[in-house]
Each structure stands twice: as structure tokens, then as C-alpha cells.
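>>> Structure for the following, please:
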Amino acid sequence: MRKNLLLKTVFGTLLFVSAIFGQQTDSTYTLYSAETIKGMKALQSAALKSDYAYSRTRYFTNNIGPRLSGSPQSERAIEYVADEMRKLGLEVRLQPIMVPHWVRGEEKASLVKFPGMATGTTQKLSITALGGSTATPEAGLTAEVVVVQDFDELLSLGKKGVEGKIVFFNNKFDRRMAKAGKALEAYSIAGEVRRRGVIEATKLGAVACVIRSVGSSENRLAHTGGIGFEPGLKNVPAAAVSFEDGELISHLAGEGLLEMHLVLTPKTLPDKRSYNVIADLKGTEKPDEVIVVSGHLDSWDLGTGALDDAVGVAMAMQVPKLIKDLGLKNLRTIRVVAFMNEENGFRGARKYAEEADIGKHFAAIESDLGASHPVGFLFAGKQEAMNFLRPISAVLTSQGAGYIERKPNVSSDISLLTARGVPSFAPFYDSREYFNYHHNAADTFDKVNPKDLAENAALMAVIAYGLSNLERPLPR
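This next block holds a predicted model:
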């Protein structure tokens, strides 16, 4: 009996160890065939040498430009992705959605009264309207500035201390947190003021709301992004100033009376028809099982949306390109999805999730945090699936991207699929510098490092192809 127990223990250990490397002693439990491992390595090598994703990123940014939902540039980008995928022989369809159509207009601000000012002068500010902001009167408005650090301080002032004034939230993006590798967490914390600030200021009778930029740039660049809304409440105009001007405002307000002149002329036009682009590289054996590779096609309009998120769409486009170039066979369908309206409405993601057959979605991959060096990938799914991913990690280790971190959610547009049980993946970046460019005028093509982009494109291709040929379903 002891001998049988010992044999069972040894056999179980062998099964566990071999599973980590993709093969088990019982052939019915093979995870990845030798041919699949070979294909993953070939894709990795080809992606690291390819400039396909880089050249598509350049076209999105330099040729098409900023792609805010509803804009002519967003329409051109849809056409471009669809045409490029048709050239590869993919089955392409456009999924219709209605998207917000917000146009920025003029934006300028200056300090017109402050302690020590020279007679007849003003102090110009670097400012930008926040997405969805209402307009000031055409000639602008002038009002006293009241500075608060957070929501508690705002509420403590009450209507008496806020009504008729411009509220300035002196919130700061935590650069030390970002430098410690927690840039996304720092953004999430600071971003709460951008989302809620204008609502709370409006409720107390402010005439406008201005915040510090929610980003790490210290190059006098203002950072845009969406604001929150409440039913029945019409928000006052909302804007963000650069880090440097935030320092100026907070200092001068501490010395005495401070007044600002603000001009914002954005328009919210009727919703406009737009599309998600969906392109399928059909699976040879299991075409009904889908692996999504994706990014979002829209961008804010201050820069040209290079890191956010032309690179993500370009990486996804490269996956079927390389698979076809190498003559590889994907057993499951690999689906390129270029989501629309991630930035100021999330309607593309909602539409896709509403119409998706979740049971047939084997996995989803998205890149939406720039394209710096990837150290591995994030995974949202069952703990039991981790061993299924070790062979993919082993291939990626050769490029310094073999680390796996399991999280509840990994990326924006695929988050609704993740919430419904679809195993989800995203590159795990060094994001410490990303928020220097995010949502501001510096998010342009020159910020894209071709080597780093190639590494990310390789990671996406290896994961997608490996999962497409995985011999067993991922636990879910």
C-alpha cells in the first residue's frame, strides 16, 4: 500500500511539473504542441524585427492626426483600419454605435487681479477645457478664485464661500508614487478630482471649476480628460491648468485676492454615428472560439494620440499580418477589434460587450497604456489558469517579458468582457514616464520608441497565437 501511495505521489508530481512546461505525461493533457511552441518563437522573432506596427502608428498620428469621437479624423481612422485588414484577407465588419460629438473650441485664461501685479498687466495661464465641458459666455467670465485641496475643504466652505467664484482644486499628481512604479494608481487617485470636481463645484454655485492637470508633466502642458455628470445637473465650465500654473495660482491665492478671466467655447453637438472595426482571422479548426486582440481607435485632440492609443491598435493589426506572413495556422479565430469612444463615453466597449457571445470568447487581449518596455503581462482570470500560461511566459522570457501578474482587471475596453468571465490579458509596462504625455499635447509619434513597440507587439502576438492553439480550454 505504501508503495502504491509513493507511486501515486511521484506520478502526481510529474504531472504538475510537466504541466508547467506545457506537456504532461498523459498526451491527452498536452497544453501546447511542439509545433505551437515553435510558432510562438517564430512570431516573436518576426515581431521584434518588424516595423509594421510602427509604420501604422506613424500613419494614425502623422497622417490622420487626433481622433476624438465624432471627428472627421476618427472616421478616416475607421476606414484605414478596415482597408488594411481587408488587404490581409480578414473578414471585416463595422459595428455601428452612436458616439458623443464634443468640439473643443477656443480656450484661454489669465490672472487679472493678484497681489503685487504691475498696473495694466495680466498673467497668462496654460489651460485646456476638460472633455464634455460647457462653455463660458463668448466673451468669457471673470471671477474670484477660491483654492481648495480636496472635496472636504470645498464642502466646508459651503455655498456662501463658493457661490459666484471659480473653484480651483489644488490636487497634485503623486510623482513619487509614479516613480515607484505605481503611475496608474497615482492617476486613478488624482483623476477622482477631474471626474467629480465640477459636479461638486456646480452644486455649491461656482461659476467655473479649474483643476491641476491629472498627469506628471512638468513642461507647462495642460492635461485633458472626461468629467463626470449627474442627471438634472448642468455642469459649469471645467478646465485644467498645467502643473506650473497650478503652483502659481495656489501661491498667489495665499497672498490675497485672486481673480481669473476664463474663456471656453466648446460645443456638444448631437451624437454621431461611428463604428468599432472588427476583423477576423478565422480559426482553422475552432472558428467559433474567439480571441480578441485590441486597442482603442479614438484619442483626445491635444496631441495626436500616439501612446493613447494608436500603438495599441497597431499592435493588434500586426498579429494577423505576421501569422499570415509566416504561414502559421491559428486553430481559433483571432479577432482584431479597434474600439471607438474609449476616451469620452466608452460606448464602443459597451456595444461590443452587449452583442458578444461571451461563451464563444476564449480570451481577450488589449494594449492601452503606451508602449514602454514590457516586463511581462497582466492576467485577469482563474488562479487555476496560471499554469496554462507558463509556456507562453517561457517564450517571452527571452525578451525580458516573462513575468505574469494576476489582477481583477487588466485594461479598459475589454473590462466588460473580463467582468463576464472572459480570461483577459494586457502587457505589463514600465509606466513611470507614461503620464508625462498622457492626454496632453506631447502625445505625438516622436514619443514612440520603435524597439519598445516591437517588444509589445511581439508579446501580444505570442499570447494570441499561443492561446489560439491551446489544446484545452482555459479554466473560467
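>>> drop to CA atoms for contacts and neighbour counts, all remaining ones
Fine.
>>> List the contacts of Thr397.
Tyr403 (Cα atoms under 8 Å, 6 or more residues apart in numbering).
>>> what's the distance between it and Leu467?
From Thr397 over to Leu467 the distance is 17 Å, taken as Cα to Cα, to the nearest Å.
>>> sec struct for the residue lying closest to Gly181 once chain neighbours are set aside, please.
Closest residue to Gly181 apart from its sequence neighbours, by Cα to Cα, 6 or more residues apart in numbering: Arg432 at 5.7 Å. Three-state assignment for Arg432 (DSSP: H, G, I helix; E, B strand; the rest coil): coil.
>>> where exactly do the helices run in this protein?
Along the chain, the segments classed as helices by DSSP state H run 2-20, 34-49, 52-58, 72-87, 151-162, 175-179, 183-203, 243-253, 311-325, 347-355, 386-397, 415-419, 450-468.
>>> Summarise which helices and strands the longest one is packed against.
It stands for helix 183-203. For helix 183-203, the elements it packs on are helix 151-162, strand 166-169, helix 175-179, strand 208-212, judged by 3 or more Cα pairs under 8 Å, 6 or more residues apart in numbering; DSSP states H and E.
>>> just the angle between the last one and helix 183-203, please?
I take that to be strand 208-212. 160 degrees (axes from the mean of the first three to the mean of the last three Cα atoms, to 10 degrees).
>>> now swap in the first one and tell me
If you take the same axes, to 10 degrees, helix 151-162 sits at 30 degrees to helix 183-203.
>>> buried residues in helix 151-162?
The neighbour-count check on helix 151-162 (16 or more other Cα atoms under 10 Å) flags 154, 159, 161-162 as buried.
>>> any chance of these in TSV, with distance to Asp413 and pLDDT too?
Converted to TSV, these look like this (distance: Cα to Cα, whole Å; pLDDT from 0 to 100):
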residue	distance to Asp413	pLDDT
Leu154	33	98
Lys159	38	97
Gly161	40	97
Val162	37	98
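>>> what's the closest of those to Pro137?
Val162 (19.6 Å; Cα to Cα).
>>> That closest one and Ala208 touch, don't they?
No. At 10.2 Å, Val162 does not count as touching Ala208 under the criterion of Cα atoms under 8 Å.
>>> what residues do the two have in common as contacts?
With Cα under 8 Å, 6+ apart as the test, Val162 and Ala208 both reach Ala201.
>>> coming back round to it: most neighbours per residue, which of the helices of the chain?
Neighbour counts (mean count of other Cα atoms under 10 Å) averaged over each of the helices of the chain peak at helix 450-468, with a mean of 26.
>>> quick one: it to helix 386-397, angle?
Orientation of helix 450-468 against helix 386-397 (the same axes, to 10 degrees) gives an angle of 150 degrees.
>>> With only the CA atoms kept, save helix 450-468 in PDB.
Extracted in PDB, the C-alpha atoms of helix 450-468 (Å, rounded to 0.1, in the frame of the first residue of the first chain):
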ATOM      1  CA  PRO A 450      10.400  51.500 -32.100                       C
ATOM      2  CA  LYS A 451      12.200  48.900 -30.100                       C
ATOM      3  CA  ASP A 452       9.800  49.000 -27.200                       C
ATOM      4  CA  LEU A 453       6.800  49.000 -29.500                       C
ATOM      5  CA  ALA A 454       8.200  45.900 -31.300                       C
ATOM      6  CA  GLU A 455       8.600  44.200 -27.900                       C
ATOM      7  CA  ASN A 456       5.000  44.900 -27.100                       C
ATOM      8  CA  ALA A 457       3.800  43.700 -30.500                       C
ATOM      9  CA  ALA A 458       5.800  40.500 -30.000                       C
ATOM     10  CA  LEU A 459       4.200  39.900 -26.600                       C
ATOM     11  CA  MET A 460       0.700  40.400 -28.000                       C
ATOM     12  CA  ALA A 461       1.300  38.100 -30.900                       C
ATOM     13  CA  VAL A 462       2.800  35.300 -28.800                       C
ATOM     14  CA  ILE A 463       0.000  35.400 -26.300                       C
ATOM     15  CA  ALA A 464      -2.700  35.500 -29.100                       C
ATOM     16  CA  TYR A 465      -1.200  32.700 -31.100                       C
ATOM     17  CA  GLY A 466      -0.400  30.500 -28.200                       C
ATOM     18  CA  LEU A 467      -4.000  30.800 -26.900                       C
ATOM     19  CA  SER A 468      -5.400  30.200 -30.300                       C
END
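>>> That one - what's its average pLDDT?
Helix 450-468 shows a mean pLDDT of 98.
>>> how far does that helix sit from the chain's center?
Mean C-alpha position of helix 450-468 versus that of the full chain (Cα atoms, centre = their mean, to the nearest Å) differs by 17 Å.
>>> Good, wrapping up.
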